[in-house]
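> sequence unknown, structure follows:
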DNA sequence: CTGACTGCAAACCCTTTGCACTAAA
DNA sequence: TTTAGTGCAAAGGGTTTGCAGTCAG
């Protein structure tokens, strides 16, 4: 039982929603995979463990996880939405390898500072942002 | 007749494709709008000038403009793909106002340098990237 | 002329919704 | 028990494709 799972249970009970077996399975596999999964990929994983589960339940649970601050939608150029862990994680940028698909999460304080500087130059108040760099990773070179 | 239009004609003739009246209208309005238009928005604009045009033709022409290096797909969080001018333009980042929808295009050389630095730190060869910062613009504050 | 283009309608893909049934609290 | 959740199937929204008629070169 991870912290994130507990947080999800808390989130649900505070809204008088149920921590069902399906939701337990989905959040468990989502956290265990620790990857940038699409709804379809996550569905394939949980379906192996519990054949009777519906694709719809995965969509709905991902929405809940997003509300609960546990999952965060990201987009890497392929047309489906992916979700990454968002529980007690810091903001980070992504280096996406266009050959092997690997995603490196990076955090660089100087880069963050420069982003802020650019915003202030335009008197723009940043709320959130995303930076994806597509290219070739070390292993693929 | 702009340079970009001429480039499109050249691109088409080199591939033995036709510069039709529809394509002329679509590229003309796309360039004139000089905005981040979705296929649907561009369709609405051209439809006003030529009622007989099909939505499909707009989709197909935008794909061609992309191939020709004249349009570039961008995504600002709303779920449809938008296109921006990409003919003889420099890379730039986007400040997207979440209140009025305005998009400020910015280029900051120090920011670009820092992005490169981060890549080299991970021995990652960048091919292209995108940075979108969502927030509140000067006018909306 | 002839191959490319158009517009319509239908198909697609991912996602959401309506609804009767099931299960958590 | 009672309210929320589930799974199915059907509907949505944006985009793509098949096809017969049309047009640019």
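Perfect, thanks for sending it. As the structure is a computational prediction, the values presented were derived from the model and not from experiment.

> Quick test: name the residue nearest the centre of chain A.
residue A:84 (1.5 Å; CA atoms, centre = their mean).

> Surely that one and residue A:33 touch.
No. The pair residue A:84 / residue A:33 is not scored as a contact, 10.3 Å apart, by CB atoms under 8 Å. For the C-beta atoms, the positions are set from N, CA and C on the backbone; glycine is no exception.

> Counting by contacts, list what the one helix or strand the residue nearest to the centre of chain A maps to packs against.
According to DSSP states H and E, residue A:84 maps onto strand A:82-85. Counting contacts by 3 or more CB pairs under 8 Å, 6 or more residues apart in numbering or on different chains; DSSP states H and E, strand A:82-85 is packed against helix A:21-33, strand A:37-38, helix A:55-67, strand A:71-74.

> What residues are bridge-paired with the residue nearest to residue A:81 when sequence neighbours are not counted?
Distances taken as CB to CB, 6 or more residues apart in numbering or on different chains place residue A:73 nearest to residue A:81, at 4.9 Å, with adjacent residues excluded. Counting by DSSP bridges, residue A:73 is bridged to residue A:83.

> sorry, back to before: make JSON lines from the helices and strands packed on strand A:82-85 and add mean pLDDT to it.
What follows is these, written out as JSON lines (pLDDT from 0 to 100):
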{"stretch": "helix A:21-33", "mean pLDDT": "98"}
{"stretch": "strand A:37-38", "mean pLDDT": "97"}
{"stretch": "helix A:55-67", "mean pLDDT": "98"}
{"stretch": "strand A:71-74", "mean pLDDT": "96"}
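
> TSV please, covering those and showing distance to DNA strand D.
Putting those into TSV (distance: least, CB to the nearest atom of the strand, whole Å) gives the following:
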stretch	distance to DNA strand D
helix A:21-33	3
strand A:37-38	15
helix A:55-67	3
strand A:71-74	15
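
> Residue B:135: which of those is closest?
strand A:71-74 (17.5 Å; CB to CB).

> where are the low-confidence patches of chain A?
Applying pLDDT under 70 to chain A picks out residues A:1.

> Any residues of chain A in contact with DNA strand D? List them.
Taking CB under 7 Å from any atom of the strand as the criterion, the neighbours of DNA strand D within chain A are A:12, A:16-18, A:20, A:22-23, A:50, A:52-54, A:56-57, A:60-61.

> Show me just the buried residues among these.
A:12, A:22-23, A:53, A:57, A:61 (16 or more other CB atoms under 10 Å in any protein chain shown).

> and stretch A:65-81, which residues are buried?
Going by 16+ other CB under 10 Å, stretch A:65-81 has these buried residues: A:65, A:68, A:70-72, A:74-76.

> for those residues, which one is nearest chain B?
residue A:75 (6.6 Å; CB to the nearest CB).

> backbone phi and psi for the closest one, please?
Here is the backbone geometry of residue A:75 (degrees, to the nearest 10): phi -140, psi 120.

> thought it was touching residue A:81?
Yes. Here residue A:75 reaches residue A:81: they are 6.2 Å apart, a contact under CB under 8 Å.

> Are there helices or strands packed against the helix or strand encompassing residue A:11, and which ones?
Assessed by DSSP H and E, residue A:11 sits inside helix A:3-14. Contact here means 3+ CB pairs under 8 Å, 6+ apart; on that basis helix A:3-14 packs against helix A:21-33, helix A:55-67.

> quick one: is the last one near DNA strand C?
It stands for helix A:55-67. Yes. With CB under 7 Å from any atom of the strand as the criterion, DNA strand C is reached by helix A:55-67 at A:55-56, A:59-60, A:63.

> count of neighbours near residue A:101?
For residue A:101, the tally of surrounding residues (other CB atoms under 10 Å in any protein chain shown) stands at 12.

> Let me see the backbone angles for residue A:130.
Torsion angles, degrees, to the nearest 10, at residue A:130: phi -150, psi 140.

> Contacts only, for the residue sitting furthest away from the middle of chain A.
For chain A, the largest distance from the centre (CA atoms, centre = their mean) belongs to residue A:121, which lies 30.7 Å off. By CB atoms under 8 Å, 6 or more residues apart in numbering or on different chains, the contact list for residue A:121 reads B:106, B:108.

> who in chain A is up against DNA strand C?
A:12-13, A:18-21, A:38-40, A:55-56, A:59-60, A:63, A:79-81.
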